[in-house]
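Engineer: this one's sequence-less:
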């Protein structure tokens, strides 16, 4: 915080990830873009993102475009390790653009958020089955994602997804006939009275630890994005009494 | 005697109440997304590969012969990984019922066992206590799930008992692979990829007419 307003106090970056100069939204939230100006992540690449949010700050982190996971000829995965620390009274939201694993790619990501009591946190992310528009589906080698959120050292949310596409990936109950999936978690605030959802597309619920989770599937990306955005704004309002985010790109 | 007890423990008639839970299959059948024997076979094999079989089966394997602290950690892990409340509650209810019934039958064997909560950890604990080998215990656990789900489907679809058993039989390779993977898993390997079922299981309480609790 600087002068009562959220500010980016320290910024260390190394290619291929870059932090774009942040700007303040009308609601006072500081919006920060993390961009990868290259053609995507390559097998063997390792990226790390570390964010610390001090008490009272309001931060929204976005990515500028989809994470394109390029083919990995030698089979090594591209890896990304994200760690957030959020102080009491602070809010951090992370809503990256879609992850698109290209044919032959391998991707493994871990995201760890450590919150103090009274901190607020939100994450939503989506995954495509491939470059769907070109007809490339489920041609990637592997996708792995582990997300853990703790409050005052106690785990409140854990989601581990691992997919090696195979003949059963299209089975009902797995991905069915869909090509997009969404995940998300919200922490901080009361249990919402109205858990958002879109029948057949997006559901939400409360984890054993008390976090609100989101899960979605759809055949079309825009349908999933619409449902996810609606759920996001509903939860921001119910949990934090926060107005809709007006993102400027 | 050990094999007899293990077979009894995993029998669908053992009074665990597991027959009351479909964990989302009811939603998929209601919507027509699981409609034919082929759909059911794909669903069962898909869950053995990407869903239940990648989470509960390895939890069972890891719980077999484990110390009380490890059992408690596995239960906590299952609490957190089972995001959808219905299947999470079903797992602990079946676990409690399984222990209660086993205690009734074999009080001298089960009486002083450490605490467990979920179905997977409780089944492993009982299998170990009854003297069943680890691989047999996990195989019986997987078989119990597979045949239980196939039997549930006869109440949800136009499907006879023989057809349901044929669906289960067609999942033999997936079940074997599931057991093999479970026996070599570490706690970090517990994971799923079932967004379609996660959404369906969440929506089951809102169905107009329900036969199952989840």
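Structural biologist: Received the coordinates, thanks. In this text the structure is predicted, and so the values were computed from the model without any measurement.
Engineer: can we go C-alpha only for contacts and neighbour counts from here?
Structural biologist: Fine.
Engineer: Show me which residues of chain A are close to chain B?
Structural biologist: Residues of chain A lying close to chain B by Cα under 8 Å from any Cα of the partner chain are A:156-163, A:168-169, A:171-176, A:181, A:199-209, A:213, A:215-217.
Engineer: check whether stretch B:187-194 contacts chain A.
Structural biologist: Yes - Stretch B:187-194 is in contact with chain A by Cα under 8 Å from any Cα, via B:190-194.
Engineer: Mark which of those residues are buried, thanks.
Structural biologist: Buried by 16 or more other Cα atoms under 10 Å in any protein chain shown: B:190-194, out of those.
Engineer: what about residue 83, how many neighbours?
Structural biologist: Since you didn't name a chain, this refers to chain A. 17 (other Cα atoms under 10 Å in any protein chain shown).
Engineer: Let me rephrase: I mean chain B.
Structural biologist: Other residues lying near residue B:83 total 26 when counted by other Cα under 10 Å.
Engineer: check contacts around it.
Structural biologist: Taking Cα atoms under 8 Å, 6 or more residues apart in numbering or on different chains, we find residue B:83 in contact with A:159, A:205-208, A:213.
Engineer: Secondary structure of it: a strand, I assume?
Structural biologist: No - read with DSSP: H, G, I helix; E, B strand; the rest coil, residue B:83 is coil and lies in no strand.
Engineer: quick one: residue B:131 from chain A, how far?
Structural biologist: When distance is defined by Cα to the nearest Cα, to the nearest Å, residue B:131 is 33 Å away from chain A.
Engineer: Same check on residue B:169?
Structural biologist: For residue B:169, the distance to chain A - Cα to the nearest Cα - is 16 Å.
Engineer: now swap in residue B:201 and tell me
Structural biologist: As defined by Cα to the nearest Cα, residue B:201 lies at a distance of 9 Å from chain A.
Engineer: low-scoring stretches of chain A, by residue?
Structural biologist: Applying pLDDT under 70 to chain A flags residues A:248-249.
Engineer: just the residues of stretch B:187-194 next to chain A now: which is nearest chain A?
Structural biologist: Nearest to chain A among those: residue B:194, at 4.2 Å, using Cα to the nearest Cα.
Engineer: OK, contacts around the closest one?
Structural biologist: Residue B:194 is in contact with A:173-175, B:47, B:50-51, counting by Cα under 8 Å, 6+ apart.
Engineer: give me that answer again for 7 Å
Structural biologist: Counting by Cα atoms under 7 Å, 6 or more residues apart in numbering or on different chains, residue B:194 touches A:173-175, B:50-51.
Engineer: one step back: can I get the buried part of the residues of chain A next to chain B as one ChimeraX selection?
Structural biologist: With 16+ other Cα under 10 Å as the criterion, this ChimeraX line picks the buried residues out of the residues of chain A next to chain B:
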select /A:156,157,158,159,160,161,162,163,168,169,171,172,173,174,175,176,181,200,201,202,203,204,205,206,207,208,209,213,215,216,217
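Engineer: I'd assumed residue A:156 was in contact with residue B:81.
Structural biologist: No - Residue B:81 lies out of contact with residue A:156 (Cα atoms under 7 Å); the separation is 10.4 Å.
Engineer: Contact residues of chain B facing chain A?
Structural biologist: Residues of chain B lying close to chain A (Cα under 7 Å from any Cα of the partner chain) are B:33-34, B:42-43, B:46, B:50, B:79-81, B:83-84, B:191-197, B:199-200, B:202.
Engineer: what's the offset of the helix or strand of chain B with the lowest mean pLDDT from the middle of its chain?
Structural biologist: Lowest by mean pLDDT, DSSP states H and E among the helices and strands of chain B is helix B:107-110, with a mean of 93. Centroid separation for helix B:107-110 versus its chain: 23 Å, with Cα atoms, centre = their mean, to the nearest Å.
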